[in-house]
Structures are given as structure tokens and as C-alpha cells.
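Student: Make a model of this:
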Amino acid sequence: MKNFLSSSQALMTLPILFFIFLITSIILIWTYPQYSTETLLIDVNNENTQAITEPSIGIDSYIEKTNKEIGSGFTCHIIQEEFEPTCRLEIWLTDSKIQGLDLSRFQSMSIVGTFKSPTEFDFLRISLRNYEKLISETDVDKNYKFNLIEILSRDIKNPILVNLNRLSVPNWWLATVRDQNIKRDVDLSNTSMIEISTGLHTTPGQYELEITNILLEKEVISIEQLYEYLLIFWCGFIIFSIIKITLFLWIRINDKIVSENALLDINESLSKHSKKLELINKTDELTMVLNRRVMKDKLMESLNNNWFPMAVVMIDIDHFKKINDTFGHQCGDKVLVNLGKTLNRFTKEKESVCRFGGEEFIILLPKSKIYELKGRLEQLRLDIQAQDMGITQNVTVSIGAAYCDERSGFKSLLEQSDKALYQAKDKGRNTVIFYQQEVS
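Tutor: Residues are numbered from 1 along each chain as shown. Down below sits the predicted model:
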């Protein structure tokens, strides 16, 4: 019962859990942008930036750094492209130029700013310079590995979006390094500086770059992954709920079966007890045949069901008082018990026998035929005489029978069978007398 109550209480929590999980799922989807990405914001200002032009020949190009309170940039004038001049803005990420930031976990970068070039076919080069130790002791600039991407000017919008997965290490940088130990793959584990510059083969003219800040982002979990995880969770919750409900129903059914079996056992016990009481109420305690009160009910049952023709037989033990006086009352009781057993074996379906009083018994024989009945009663007399009744002498009986084939003679059957019994005693006992011998 405790297990049942426990399962029932747990089952009642399922709707509550369903509501809580549903609200949580909605909140997770609603607030997805707030937790789905890891971000790193880099402020750009005049203190952490440096504007440089290469080659530093005045006739090729010159650059002016933008002086603003917020952000940084440059205005670059390319005079000719004979020596492939470039203008760049270096944005240093740390105070230590050799100890950078680990940006390898980020997937995208947004550069808030604008870039203007003479034509829409010029390129903007964005490089994340990763410091590589001991590449060159003489030319420190070679220690900053190029992880770059070039974007066509006409494709640039504000903010400038960069997919870090599309960065590459240029062959020309690897050729200048000439170090077999240098990894040829992109490496952002020690990024010291972000360099934004004009590309090669620039068109002569004016280039303008303005940068406010840079935002790096990593997608912690995609919306597809979120939906997949929620789907897995809800499938698990539904399976758990089905198992819990099934377990609850199984426990409930099992408890019901146990209760029903207990009730059946109780009913069976009561039924047996009731039958025992009914048997005690209906039968004579000594001989275990029906008692006198039940015989009246049997007579009325035969009458109501019109079980005719019908016979009533009265049986009396011959000289029973002498048996009691000679052998004692206990032996007399044995005779009565054995006679009761014999009479019970004698009766068939719908026939009944009762103890009428003392040593007298009555047999009710509905639907009997007179020519069969005479032979049955005579055989009964002989069987009783031949049986061992528990004493050292044979026991005989006197039998008186009355017979009627319709309802009109029913009331006098007991009286007629009693008269026939006395006739049998008058004729010397141990005989069968029919009151209506003339009936065929």
C-alpha cells in the first residue's frame, strides 16, 4: 500500500513537471540569443592602435591617423602602385606584444566601422597576427604569423563580418619565414594584434578606414542543437511518464487483484461457513439427514413444482427401545447414524430423507412410479436387515408408504403413510405396507 501511495503521489507530480518543463523550454528558446554565444569586445582607440604605410617612400603613399575620442582609423593616399604600397592599422590586444589572447575558440568577428576605397574592386585585408616564438631573432615582425582574409570593397558593410574559419596562412609569408617547424595551419592561440590594411595591387587614390570596436563571437549552442536537445529531453520525459503511468497502473491493478483475491478468500470462507451453518440448520445433528422443519419445505417445493406422482415413506426401527435397553444409548445412536447413511444412499436426485423424531424417518419420493417404488422399498428393507448397524444383532425396520398421483391427495400423504406404518407393525414388523395398495 505504501508503494501504491508513493506511485500515486509521484504520478500527481507529472502535470506539474510538464508545466515547469514547458515554461523552461519556452524561456530557453525565447532567451536563446542571450546565452547562445560567447563574446569578446575589443575597444579600438588611439592608445592601442598604430597607423603605418609601406613602403615608407613618400612618393608611393602617405597615411594620416584618425584622431577621435572613440575609435581609430586612417586616411591613406596611394600615389602610385609601382612598389605595391599598403596602409595598415595595427590594433594591439594586450600591453605585452609577445603575449597575446587565445582567440582560437571564436568563430566569427564583427568589425564596427567603415572602409572607403577609390574603386569597388579594391580589397580590404584583415589579419589576426599570432605571435610565434623564435621564428626570427633579427626581424621581429616575422614572428607575427599572418592569419588573414581579404574582402572585396563592394562586399563590405557596417559592421564588417569576418568568418574566422575562412582565415588562411598566405604562402608568401611562409616563403619569407622558411622555417620547417612553423605550422602551416591557422593558429590564433596567441594573437597579439589585429591588422586591418589595404590589399595588394591597390588603385591609386584615397583610402579611409574608421573602426569603433571589434566583437568576437563563438556559438556555444546553435538553435538546431537547442531544438535537438529539447526534443531528446521531451522524448525522455514522455518515455519516463509512460513508464511511470504504466508502473502506477500495474501497481494499482496488482493491488486491486490482491484485494479482490482477499475478498474472494473472505467470501469463500464466509460461503463455507454459511453452508456449514445452513447444513447444521437443515440437518439432524446425529444422523446427518434433513431435520423435520426442512422436510416441510421439501414437501412444499414438490407441491409447488407439481412433482407428481409422489410418495411419502415412513420408516421405524423395530424394537428400538429394547436395543437401547440391551446395548445402551450409545449403541442405539450408532444404529441411528448407520441407518441415516443407508437412507441417504437410497435417495436419488430430488428425493430427500429426514429424521421425523426418535427412531422414525421419512423419505419423500417425488415423481415416483408405484411399480418401481415397491421393489425399491423392499430392497431397502432387505439391505437394512443385512447390514452391520454397530451391534451384535441384525436390525430390522417397518416401512409404511402412501402414494398419490395428483395434487388432491397431497394433504393426506403423511397421515396415510403413518397409518401404513402402524399396519406394518401390527403385521409383525420387518415389512413394507402401502396404504393405497390398489393404485397401479
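Student: Tell me how far Lys419 lies from Ser412.
Tutor: Relative to Ser412, Lys419 is positioned 10 Å away (C-beta to C-beta, to the nearest Å). For glycine as for every other residue, the C-beta is placed from the backbone atoms N, C-alpha and C.
Student: Backbone dihedrals for the most centrally placed residue in the chain, both of them.
Tutor: Central residue of the chain (C-alpha atoms, centre = their mean): Ile243, 1.6 Å from the mean position. Main-chain torsions, Ile243, degrees, to the nearest 10: phi -60, psi -40.
Student: Return the distance of stretch 349-365 from the chain's centre.
Tutor: Counting by C-alpha atoms, centre = their mean, to the nearest Å, stretch 349-365 is centred 64 Å from the centre of its parent chain.
Student: Pull it out as PDB, backbone CA atoms only.
Tutor: Output in PDB follows, covering the C-alpha atoms of stretch 349-365 (Å, rounded to 0.1, in the frame of the first residue of the first chain):
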ATOM      1  CA  GLU A 349     -32.000 -36.600  -7.200                       C
ATOM      2  CA  LYS A 350     -34.900 -34.600  -5.900                       C
ATOM      3  CA  GLU A 351     -35.600 -37.300  -3.300                       C
ATOM      4  CA  SER A 352     -34.900 -36.400   0.400                       C
ATOM      5  CA  VAL A 353     -34.900 -38.100   3.800                       C
ATOM      6  CA  CYS A 354     -35.400 -36.600   7.200                       C
ATOM      7  CA  ARG A 355     -35.500 -37.700  10.800                       C
ATOM      8  CA  PHE A 356     -39.100 -37.300  11.900                       C
ATOM      9  CA  GLY A 357     -38.400 -38.000  15.600                       C
ATOM     10  CA  GLY A 358     -36.700 -40.600  17.800                       C
ATOM     11  CA  GLU A 359     -36.200 -43.700  15.600                       C
ATOM     12  CA  GLU A 360     -38.700 -42.600  12.900                       C
ATOM     13  CA  PHE A 361     -37.500 -41.400   9.400                       C
ATOM     14  CA  ILE A 362     -39.500 -40.000   6.500                       C
ATOM     15  CA  ILE A 363     -38.500 -40.400   2.800                       C
ATOM     16  CA  LEU A 364     -40.000 -38.000   0.300                       C
ATOM     17  CA  LEU A 365     -40.000 -39.600  -3.200                       C
END
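Student: For that stretch, which residues meet the burial criterion?
Tutor: By neighbour count on 16 or more other C-beta atoms under 10 Å, the buried set for stretch 349-365 is 351-356, 359-365.
Student: can you pull out the helices in the protein?
Tutor: In the chain, the helices defined using DSSP state H lie at 2-30, 32-35, 171-177, 223-282, 292-304, 320-327, 329-346, 370-386, 413-426.
Student: Other residues contacting the shortest one?
Tutor: Translated: helix 32-35. Residues from elsewhere that reach helix 32-35, judged by C-beta atoms under 8 Å, 6 or more residues apart in numbering: 220-221, 223, 226.
Student: go with 10 Å
Tutor: Helix 32-35 is contacted from outside by 28, 220-223, 226-227, using C-beta atoms under 10 Å, 6 or more residues apart in numbering.
Student: and the longest strand for the chain?
Tutor: Looking across the chain with DSSP state E, the single longest strand is strand 205-219.
Student: Partner strands of that strand and their direction?
Tutor: If you go by DSSP bridges, strand 205-219 pairs up with strand 37-43 (antiparallel), strand 72-78 (antiparallel), strand 108-116 (antiparallel).
Student: what's the spacing between that strand and its chain's center?
Tutor: For strand 205-219, the separation from the chain centroid amounts to 57 Å (computed by C-alpha atoms, centre = their mean).
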